[in-house]
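Enquirer: following is a predicted model, sequence given first.
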Amino acid sequence: MENHSEQAGVLILRVWVEEGRPDGFRARIVQTGGRHQAPPTAVSAVDDVLTTVRDWLDHLLEPER
């Protein structure tokens, strides 16, 4: 019988804009992968959100060691 390992994760992205501020973009990211849950992350730049999502996907999709 073959053992198949399944990797799964959840990423929750909450985004809002604080009015009256030029840098009003805010995001809170909660991520899990496998048995690991990272502490929530707060960012204030779109590039930081994109980097975090890409890093999470890369980690989730890397082969098990």
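Expert: Perfect, thanks for sending it.
Enquirer: hey, which helix or strand in the protein has the poorest pLDDT?
Expert: Least confident element among the helices and strands of the chain, by mean pLDDT, DSSP states H and E: strand 36-37 (a mean of 72).
Enquirer: what lies in contact with stretch 17-29?
Expert: Stretch 17-29 is contacted from outside by 11-16, 40-46, 48-49, 52-53, using Cβ atoms under 8 Å, 6 or more residues apart in numbering. Any C-beta I mention is one placed from the backbone N, CA and C, and that applies to glycine too.
Enquirer: taking those one by one, which sit in strands?
Expert: 11, 12, 13, 14, 15, 16, 41, 42, 43 (DSSP state E).
Enquirer: filter these to the buried ones?
Expert: residue 43 (16 or more other Cβ atoms under 10 Å).
Enquirer: make JSON lines out of the ones in strands among the contacts of stretch 17-29 and add pLDDT and distance to residue 30.
Expert: Output for those, formatted as JSON lines (pLDDT from 0 to 100; distance: Cβ to Cβ, whole Å):
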{"residue": "11", "pLDDT": "93", "distance to residue 30": "7"}
{"residue": "12", "pLDDT": "95", "distance to residue 30": "4"}
{"residue": "13", "pLDDT": "96", "distance to residue 30": "8"}
{"residue": "14", "pLDDT": "96", "distance to residue 30": "8"}
{"residue": "15", "pLDDT": "96", "distance to residue 30": "13"}
{"residue": "16", "pLDDT": "95", "distance to residue 30": "15"}
{"residue": "41", "pLDDT": "91", "distance to residue 30": "8"}
{"residue": "42", "pLDDT": "94", "distance to residue 30": "10"}
{"residue": "43", "pLDDT": "94", "distance to residue 30": "12"}
